[in-house]
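Undergrad: next one to model:
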Amino acid sequence: MTILQDKIKEVPGLAFVTEEMELMSSAGRRRMLEQPLLTSPKDLEHEQQVVATLRELMGNAQYAHPLTVLRHQLMQLHDIHTTLGNLQSHFMLDEVELFEIKNLTFLCGLSRKALAEMQADNLFLLPDLTQAFALLDPDHTGIPNFYIYDSYDSRLAPLRQQMKQADDQLMGELLAEQNLIQQEVIARLCDQLHPHCDQLTSALDQLAYIDFALARATLAQQWDLQKPSNTGNPDNHPTLLGLFNPRLKQHNEKAGLRYQPVDITLTTGVTLVTGANMAGKTVLLKSIGVAQLMFQFGFPLPATSAQMQPVDDVVFCIGDEQNEMNGLSSYAAEITRISDVLDRSEKERLLILIDEPARTTNPVEGKALVQAIASILQGRDSITMITTHYSQLGVNCRRLRVKGFVESLADVPLTAQTINRFIDYSLVADNSDQVPQEALRIAELLNCHPDLISQARHFLES
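TA: Numbers count the residues shown, from 1 in each chain. Below is the predicted model:
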């Protein structure tokens, strides 16, 4: 089973999303990292609805107080799976572990009340731990602190009174006697708490899930993420309108640079994407992959609107995968990765994102390899996006082109720092088998050496 932690290691853009989340507890972070990649439309719709409902409640001023109370309880939540495991296994707990359990029951009670006031108690399955709390609070203090109260055993009160007046020699004997009584009390408490073990574990897991859900809703509010529609409908092509890359958008905004969202519809088979080097093709693939993973991990999407379908997995073949420690060249790592993808695509429906395959080998063989990859994947039940600079591939598949460099787009001089403002990142259908040729014009506008420009044009024309 693929979990979020696995993909965070593979996909920097997804790691950025999780790092920006405002989780309240270590238990919530564990729950986030263990979130499975969802493929069931029913499960996906449930996750999206939970987050959308919480986001709506967060925007309602009348629920501000119970929401603050809920967040405060989550901040006090400790990840006590080890303690609950010890209880389940009939191990003798200590006073610290009993405090952890009492604290959990206390937080659960206040969280249930807060959710009820927010009219969100139907979203989560928080158990009623009143009986477990009462076992740990025999004096009805109503506080989460734990103490072995006198009321647990009739021998404790007179013994502790005697200890207040005892000399040092007698004190040692009285402390030993008290310790034996307290161990008996703890043993009884463990036996009494054991039947509540499943409920306690459920409470911990649900509170961690609430923390994770609230963090997703907060992120959706901050980034204006959107709930996708038609999840899992096989009659609708996955479509992302106004798709943006969260990490790059935030970077550009901080740097005062322009950021342009894009519209994209994904189709089964192969889509070849062409465009100049600076046209954002690699960013496009990363943005699509991050959006698909966010969707299948239960996040709303970085787009103005979207309709989505689940896949079995998202596979990236992007960037320099050279691993010198394993003695692999860039090409060896890349082609091995692509070979594995071809194997998997025979049995799984994947979203496959391949950035300029075979670019590190000679052009003749490189073009043949791209033709082979595209031809094979065109017949598979996967969604494949391949960026390339190769022309005349002769593969019968869908083609898109990034509009690219537009001289009239900006009213400032063209420099290496301002070139972003001259690029139109939108995608257009392109049925030709040629790739755009903009490199020399851009080099000329950047005032590169005239001999470089003239000789390059000579070789190009000849």
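
Undergrad: centre of the chain to the helix or strand of the chain with the lowest mean pLDDT, how far?
TA: Of all helical and strand segments in the chain, the minimum by mean pLDDT, DSSP states H and E falls on helix 439-445, at a mean of 72. Here helix 439-445 is found 40 Å from its chain centre; the criterion is Cα atoms, centre = their mean, to the nearest Å.

Undergrad: buried stuff in it?
TA: Residues 442, 444 are the ones in helix 439-445 that count as buried (16 or more other Cβ atoms under 10 Å). To be clear about C-beta, it is placed using only N, CA and C from the backbone, and glycine gets the same treatment.

Undergrad: how about stretch 108-120?
TA: Using 16+ other Cβ under 10 Å as the test for burial, stretch 108-120 gives 108, 109, 110, 111, 112, 114, 115, 117, 118, 120.

Undergrad: could you report the neighbour count for residue 169?
TA: By the criterion of other Cβ atoms under 10 Å, residue 169 has 7 neighbours.

Undergrad: residues contacting it?
TA: Neighbour list for residue 169: empty [criterion: Cβ atoms under 8 Å, 6 or more residues apart in numbering].

Undergrad: can you give me the domain assignment for the protein?
TA: Domain ranges of the chain: 4-215, 229-433, per automatic domain parsing.

Undergrad: nearest to residue 460, out of those domains?
TA: Taking Cβ to Cβ, domain 229-433 is the member of the domains of the chain nearest to residue 460, at 12.9 Å.

Undergrad: distance from the chain centre to the closest one, please.
TA: Computed by Cα atoms, centre = their mean, the separation of domain 229-433 from the middle of its chain amounts to 20 Å.

Undergrad: do the same with stretch 448-462
TA: Centroid separation for stretch 448-462 versus its chain: 47 Å, with Cα atoms, centre = their mean.

Undergrad: please save the CA atoms from it in PDB.
TA: Extracted C-alpha coordinates of stretch 448-462, given in PDB (Å, rounded to 0.1, in the frame of the first residue of the first chain):
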ATOM      1  CA  CYS A 448      24.400  37.300 -27.300                       C
ATOM      2  CA  HIS A 449      27.600  37.400 -29.400                       C
ATOM      3  CA  PRO A 450      26.700  38.200 -33.000                       C
ATOM      4  CA  ASP A 451      29.000  35.600 -34.400                       C
ATOM      5  CA  LEU A 452      27.200  32.900 -32.300                       C
ATOM      6  CA  ILE A 453      23.900  34.000 -33.800                       C
ATOM      7  CA  SER A 454      25.000  34.300 -37.400                       C
ATOM      8  CA  GLN A 455      26.900  31.000 -37.500                       C
ATOM      9  CA  ALA A 456      24.000  29.200 -35.800                       C
ATOM     10  CA  ARG A 457      21.600  30.600 -38.400                       C
ATOM     11  CA  HIS A 458      24.000  29.500 -41.100                       C
ATOM     12  CA  PHE A 459      24.100  25.900 -39.800                       C
ATOM     13  CA  LEU A 460      20.400  25.800 -39.200                       C
ATOM     14  CA  GLU A 461      19.600  27.000 -42.800                       C
ATOM     15  CA  SER A 462      22.100  24.600 -44.400                       C
END
